[in-house]
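> Return atomic coordinates for the entry below.
(2 chains)
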Amino acid sequence: GPKVLQIPSHQIIDMGQMVTLNCDPVSNHLYFYWYKQILGQQMEFLVNFYNGKVMEKSKLFKDQFSVERPDGSYFTLKIQPTALEDSAVYFCASSSDRGDTEVFFGKGTRLTVV
Amino acid sequence: QQKVQQSPESLIVPEGAMTSLNCTFSDSASQYFAWYRQHSGKAPKALMSIFSNGEKEEGRFTIHLNKASLHFSLHIRDSQPSDSALYLCAVSQASSSFSKLVFGQGTSLSVVP
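Numbering: from 1, shown residues only, chains lettered A, B, ... in the order given. Just a heads-up that it's a prediction; the model follows:
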């Protein structure tokens, strides 16, 4: 079935450095999402993105976060600078522009900020 | 702010049994209700969804929604070891899944032979 690929699966980074999480969404999907899951907690919505723009973001989407999908390539989440509390699993997801459709998730990238 | 709670946190059932998973939500304006299943090390995958009050059956799986009670559930008939996974309920205010999904914390299901 359709797959969302996330690269890398695990990344360790020093606090204060920049990190970019990459997502290869399902081809021909137009809506993209990032969710964050801190260990032991619920998966929480960060942001959704359509037609080159952020449509909605949650309070978890701090000023240090940004998303983009330049020229139909990877959909990325950039954190600059990183903080210890950014350690979590980040799930990318995508959906088509049709109604009544499911959201396809990737396996997640485990980010560890040390 | 929407709150979504699942019960139980974990469940062990024998193969062939009926499994019932529960999800409550706080926002009565919610319009889209879904169950996702996540096998260990895999991506969460949509299992079933419903918009209107009532029941919807797909194979061994039935989703039941009662908006007045702010509750929906997933029932698995003839549970199989391959059903062992983390089950996540999700709720959205929009009439499609485009809007943000609010997830529960998950129910870990183990089906033992």
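
> Check whether B:Ala29 sits in a helix, strand or coil.
What DSSP: H, G, I helix; E, B strand; the rest coil gives for B:Ala29 is coil.

> Before we move on, what's the pLDDT of it?
Note on B:Ala29: pLDDT of 88.

> same question, B:Ser95
63.

> What parts of chain A come near chain B?
Contacts of chain A with chain B, taken as C-beta under 8 Å from any C-beta of the partner chain, map to A:3-4, A:31, A:33, A:35, A:41-45, A:48, A:56, A:58, A:91, A:95, A:99-108. Any C-beta I mention is one placed from the backbone N, CA and C, and that applies to glycine too.

> how does it look with 6 Å?
Residues of chain A lying close to chain B (C-beta under 6 Å from any C-beta of the partner chain) are A:Tyr31, A:Gln42, A:Met43, A:Phe45, A:Gly99, A:Glu102, A:Val103, A:Phe105, A:Gly106, A:Lys107.

> If any of those are buried, give me the ChimeraX selection for them.
Buried residues within these, by 16 or more other C-beta atoms under 10 Å in any protein chain shown, are selected in ChimeraX with:
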select /A:31,42,43,45,102,103,105,106,107
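
> mind putting the residues of chain A next to chain B in a markdown table, secondary structure and pLDDT included?
A markdown table is the format used below for the residues of chain A next to chain B (DSSP: H, G, I helix; E, B strand; the rest coil; pLDDT from 0 to 100):
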| residue | secondary structure | pLDDT |
| --- | --- | --- |
| A:Tyr31 | strand | 91 |
| A:Gln42 | coil | 92 |
| A:Met43 | strand | 95 |
| A:Phe45 | strand | 94 |
| A:Gly99 | coil | 55 |
| A:Glu102 | coil | 79 |
| A:Val103 | coil | 89 |
| A:Phe105 | strand | 95 |
| A:Gly106 | coil | 96 |
| A:Lys107 | coil | 96 |
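
> Quick test: name the residue nearest the centre of chain B.
The C-alpha lying nearest the average C-alpha coordinate of chain B belongs to B:Trp35 (C-alpha atoms, centre = their mean; 3.5 Å).

> just checking, that residue touches B:Ile50?
No. With contact defined as C-beta atoms under 6 Å, B:Trp35 does not count as touching B:Ile50 (9.1 Å).

> Measure how buried A:Gly72 is and give me the count.
For A:Gly72, the neighbour count with other C-beta atoms under 10 Å in any protein chain shown is 8.

> Low-confidence stretches in chain B?
Within chain B, the ranges that satisfy pLDDT under 70 run B:95-98.

> so where do the strands sit in it?
Using DSSP state E, the strands found in chain B span residues B:4-7, B:10-14, B:19-25, B:32-38, B:45-50, B:54-58, B:61-66, B:71-76, B:85-92, B:102-103, B:107-112.

> Would you convert those strands into CSV that also reports distance to A:Glu68?
What follows is the strands of chain B, written out as CSV (distance: least, C-beta to C-beta, whole Å):
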stretch, distance to A:Glu68
strand B:4-7, 30
strand B:10-14, 39
strand B:19-25, 32
strand B:32-38, 27
strand B:45-50, 26
strand B:54-58, 37
strand B:61-66, 36
strand B:71-76, 36
strand B:85-92, 24
strand B:102-103, 25
strand B:107-112, 36
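
> Figure out which of those strands is closest to chain A.
strand B:45-50 (3.7 Å; C-beta to the nearest C-beta).

> ok, and the helix or strand in chain A with the lowest average confidence?
When the helices and strands of chain A are compared on mean pLDDT, DSSP states H and E, strand A:53-57 comes out lowest with a mean of 91.
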